[in-house]
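1. got a structure for you, letters missing:
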């Protein structure tokens, strides 16, 4: 990122220039499906149909991605080095609904990229699972740094162990340019600590209208045609130019020293349908 934006970890200058893992990520030619059909993006046993960022981006050379125990796991390469990256679908999508299960270790800064490209530009559903973080609202990754969070999440600890979550730094939907945001206590009630959580995302339109859900609770609704978020509004046309009408789905390992050594973000049950 060229600028520093609130609540995203800005430690990119510490990213190590570490070589890419040599594991080849196989390609999968997806079959065309009817619009009512769900397309499985992960076969549960390989990374066929996915690829790492092909060149170094702000977060690093790619990170380590594995298919293990029926999940996609991501971590820094090597662990604790500061070298991260993204894993992208080979196929690109424009207007869609997406379902994905996620289980991040506490302390990781990850994300779900929508209409992403190989250099890491996208509109991101944040998976910032750490103190002063957020999961489920939107951020302009490489696209102006706009941030729509209406609250932060913070850990509740006993003997340094995470036992629950609370929220802070509450804002209104108007302040962040959303049409809708769930109440912070509704998010806390919906989220399952140290367990799998299901995200649903709906994305449609030239200036994308994006709605997110966590475990069936609508988290936010963003209208790219009318949002008053200052950072987004300033760059709306440029964002459309950069991303076009479609892009990859991607998952992220954030670069920098904030990622706990050995921590992973896990993803499974990934499926999409065109709308």
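-> The structure has been received and is ready for your questions. The shown structure was predicted, so the numbers you read here are calculated from the model rather than taken from an experiment. Numbers count the residues shown, from 1 in each chain.

2. which residues in the stretch 1-150 of the chain form strands?
-> Using DSSP state E, counting those that start in this stretch, the strands of the stretch 1-150 of the chain run over 39-40, 50-52, 64-68, 71-75, 85-89, 96-104, 108-116, 123-129, 134-139.

3. in JSON lines: those strands, plus mean neighbour count and distance to residue 229.
-> For glycine as for every other residue, the C-beta is placed from the backbone atoms N, C-alpha and C. Output for the strands of the stretch 1-150 of the chain, formatted as JSON lines (neighbours: other Cβ atoms under 10 Å; distance: least, Cβ to Cβ, whole Å):
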{"stretch": "strand 39-40", "mean neighbour count": "15", "distance to residue 229": "31"}
{"stretch": "strand 50-52", "mean neighbour count": "23", "distance to residue 229": "30"}
{"stretch": "strand 64-68", "mean neighbour count": "18", "distance to residue 229": "31"}
{"stretch": "strand 71-75", "mean neighbour count": "23", "distance to residue 229": "28"}
{"stretch": "strand 85-89", "mean neighbour count": "26", "distance to residue 229": "23"}
{"stretch": "strand 96-104", "mean neighbour count": "19", "distance to residue 229": "22"}
{"stretch": "strand 108-116", "mean neighbour count": "26", "distance to residue 229": "16"}
{"stretch": "strand 123-129", "mean neighbour count": "26", "distance to residue 229": "12"}
{"stretch": "strand 134-139", "mean neighbour count": "26", "distance to residue 229": "9"}
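
4. now the phi/psi pair for the closest residue to residue 261 other than its chain neighbours, please.
-> Leaving out its chain neighbours, the residue that sits closest to residue 261 by Cβ to Cβ, 6 or more residues apart in numbering is residue 80, at 3.3 Å. For residue 80, the backbone dihedrals (degrees, to the nearest 10) come out as phi 80, psi 0.
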